[in-house]
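**Student:** pasting the sequence and the predicted model now:
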Amino acid sequence: MSPAPAVQIMPPEKPVPMVSAPQQQPPLAPEPETPFKVEVQDLNVYFRANHAIRHVTLGVKPQTVLAVIGPSGCGKSTFIRALNRMHDLVPGARVEGRVFVDGEDLYARGIDPVLLRRRVGMVFQRPNPFPTMSIYENVAAGLTLNGIGGNHAEIVEHCLRQAALWDEVKDRLRHAGTSLSGGQQQRLCIARALAVEPEVLLMDEPASALDPIATAKIEELIHELKEKYTIVIVTHSMQQAARVSDNTAFFYLGELIEMGPTAQIFTNPRERRTEDYVTGKFG
Amino acid sequence: MSPASSGRPTASHTDKAFESDLRLVREKLLAMGAKVEEQIAKSMRSLTDRDSELGEQVKESDLEINRLEVDIDELCRKILALRQPAASDLRLITTALKIVTDLERIGDLAVNIAERAMDLNQAPPLAAYVDMPRLAELAQEQVKRALDSFVRADPDAAQEVLAGDDHLDDLFVKIFNELLAFMMEDSRNIRRATSLVSICKHLERIGDHAVNVAEMVIYMVRGTDVRHPRSRAVES
């Protein structure tokens, strides 16, 4: 609302400026671009003849959260699974293109997928604590399996604290992981993923099986984890994407349709298909 | 920037109840806009035709406008709470929430004009009302064009409303100076001329509210906020 133009009844004479106009400031040198933590170049994933991910190129800055949204079957899970080579084990799956973490190509020869998954951790849709293990053993599992030394008890406590679970389980660390509630199990899985000190955390619908309170805890956790990790989260809930992420990528039929700052995607998307999806016009 | 949405619905929402809620917001806004336009016209006729009966009607009808404001606000709050609208839907709702306030204010200004007119109708007319009908026409046109730009989701038409405000302001200054001359001529004119100045000021303010509506229409369609360009230049 432009200020009501001061209607000048009897216009005063224009005052003579007392100072000369300020000199134009020289433009500041552009800030050097932060390199991407995760960079994807022309990624294609095939399941036999099915071309599931089509020419996706994007980058994720360090300590940011990227939310991946899109209708069922759009390839969002396939996409994040490609970020830690989960398709390696799927018969008939083929990945083309390049995925870099800190400039290192994950699909280059000589990269050990097991070591890679220590750097790029994953949390799945359904909490999947190891059923025969205690809470403590679940968190320590990655350390044991990877032969990582150090004070495991300390690491376990640290990770459970980071996953905002410590206070709830500190008195029953020897109980089965599966004895916890769904939301607690999911935080246990996050603690387990954190134990091997990943740099990137992939989350595939981490809250879809949880009630609103447990969901809020996971989301709060994502805000905290962002301080340290780079996070890519797949979610069905657009409100969740809006709440937790810095950037949002919209996938449709295996293609990246649009990616941008989350506020922009939800208030003013550039692409018609994004608009239709976020306003609920897909059907 | 090429926004995906023109602010106007194309594909329809999967959820039909949501679709119909959004339609209801638009319809109610239009009803309110039409009512407001009618109020301006009636209030001015109560002055030019010296018809105080009409002035009373304006005061009466304002209640309906107030009711529409409350209704639309409530509907928008409901949509925000229950639907969490995004993108063009979100822009429509935020636009609706803002422009109802402007429309309601325009309604109040029409009432103020009617009250002044009824007061003036008690005394003999002050010469001709100079260019006032023209000023009223301009103000009404601005409101109409702003509302049309909303209906058609047409940012270019809204832009014209922004540009049109200067004519209104210029004419206001001109009439003000004429009325000032009347007052200087004969001090017995002062009371009536002052009332007329108030009416002119109300019309000029109606124009400002039309500009507000038009600015929100541009936001609704393009997703860019065109308000206060100078303040923002300072900020950046």
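**Tutor:** Noted; the coordinates are in hand.
**Student:** buried set for stretch A:44-62?
**Tutor:** Under the neighbour-count criterion of 16 or more other CB atoms under 10 Å in any protein chain shown, stretch A:44-62 has A:N44, A:V45, A:Y46, A:A52, A:I53, A:R54, A:V56, A:L58, A:G59, A:V60, A:K61, A:P62 buried. No exception for glycine: its C-beta is placed from N, CA and C like everyone else's.
**Student:** what do you get for stretch A:61-79?
**Tutor:** A:61-62, A:64-70, A:74-79.
**Student:** can that stretch be found next to chain B?
**Tutor:** No - applying CB under 8 Å from any CB of the partner chain, one finds stretch A:61-79 separated from chain B by no less than 10.6 Å.
**Student:** list the contacts of A:A193.
**Tutor:** A:G121, A:M122, A:V123, A:G142, A:L201 (CB atoms under 8 Å, 6 or more residues apart in numbering or on different chains).
**Student:** which of these fall in strands?
**Tutor:** A:G121, A:M122, A:V123, A:L201 (DSSP state E).
**Student:** correct me, but the first one touches A:V200?
**Tutor:** Yes - the pair formed by A:G121 and A:V200 meets the contact definition of CB atoms under 8 Å, at 7.1 Å.
**Student:** now the residue minimising distance to the centre of chain B, nearest residue through space, not along the chain?
**Tutor:** Geometric centre of chain B, nearest residue: B:A210, 4.2 Å, by CA atoms, centre = their mean. Once flanking residues are discounted, B:A210 sits nearest to B:Q142: 3.8 Å by CB to CB, 6 or more residues apart in numbering or on different chains.
**Student:** which residue sits closest to B:K174, ignoring its sequence neighbours?
**Tutor:** Here the residue nearest B:K174, using CB to CB, 6+ apart, is B:D131, at 6.6 Å.
**Student:** tell me the contacts of that neighbour?
**Tutor:** Here B:D131 is in contact with B:L171, B:K174, B:I175, B:E178 (criterion: CB under 8 Å, 6+ apart).
**Student:** thinking again about what came up before, let me have the buried residues of stretch A:44-62 in TSV, extended by pLDDT and secondary structure.
**Tutor:** Output for the buried residues of stretch A:44-62, formatted as TSV (pLDDT from 0 to 100; DSSP: H, G, I helix; E, B strand; the rest coil):
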residue	pLDDT	secondary structure
A:N44	97	strand
A:V45	97	strand
A:Y46	96	strand
A:A52	96	strand
A:I53	96	strand
A:R54	97	strand
A:V56	97	strand
A:L58	97	strand
A:G59	96	strand
A:V60	97	strand
A:K61	96	coil
A:P62	96	coil
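**Student:** on that earlier part again, SS state for the residue nearest to the centre of chain B?
**Tutor:** helix (DSSP: H, G, I helix; E, B strand; the rest coil).
**Student:** in PyMOL, select just the buried ones from the ones in strands among the contacts of A:A193.
**Tutor:** Burial among the ones in strands among the contacts of A:A193 is assessed by 16+ other CB under 10 Å; the matching PyMOL selection reads:
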select buried, chain A and resi 121+122+123+201
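**Student:** nearest to A:R187 among the ones in strands among the contacts of A:A193?
**Tutor:** A:V123 (9.5 Å; CB to CB).
**Student:** chain A contacts on chain B?
**Tutor:** B:1-5, B:11-15, B:18, B:84-91, B:162, B:165-166, B:169, B:172-173, B:176-177, B:180, B:204-205, B:208, B:211-212, B:215, B:223, B:227-228.
**Student:** among those residues, name the buried ones.
**Tutor:** B:3-5, B:12-13, B:18, B:85-91, B:162, B:165, B:169, B:172-173, B:176, B:204-205, B:208, B:211-212, B:215, B:223.
**Student:** narrow those residues to those in helices?
**Tutor:** Those of these mapping onto helices are B:18, B:87-91, B:162, B:165, B:169, B:172-173, B:176, B:204-205, B:208, B:211-212, B:215, per DSSP state H.
**Student:** near B:E19, how many other residues are there?
**Tutor:** Using other CB atoms under 10 Å in any protein chain shown, B:E19 is surrounded by 16 other residues.
**Student:** name the helices or strands packed onto the strand or helix carrying the residue nearest to B:A210?
**Tutor:** Element membership for B:Q142, per DSSP states H and E: helix B:132-151. Applying 3 or more CB pairs under 8 Å, 6 or more residues apart in numbering or on different chains; DSSP states H and E, one finds that helix B:132-151 makes contact with helix B:16-48, helix B:87-120, helix B:155-185, helix B:190-222.
**Student:** dump those helices to CSV, plus mean pLDDT and distance to A:A193.
**Tutor:** Shown next, in CSV, are the helices and strands packed on helix B:132-151 (pLDDT from 0 to 100; distance: least, CB to CB, whole Å):
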stretch, mean pLDDT, distance to A:A193
helix B:16-48, 94, 37
helix B:87-120, 96, 33
helix B:155-185, 94, 48
helix B:190-222, 95, 42
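**Student:** between the ones you listed, which gets nearest to A:Q264?
**Tutor:** Across the helices and strands packed on helix B:132-151, closest to A:Q264 is helix B:87-120 (CB to CB), at 9.7 Å.
**Student:** find the nearest non-adjacent residue to A:W166, please.
**Tutor:** A:L160 (4.1 Å).
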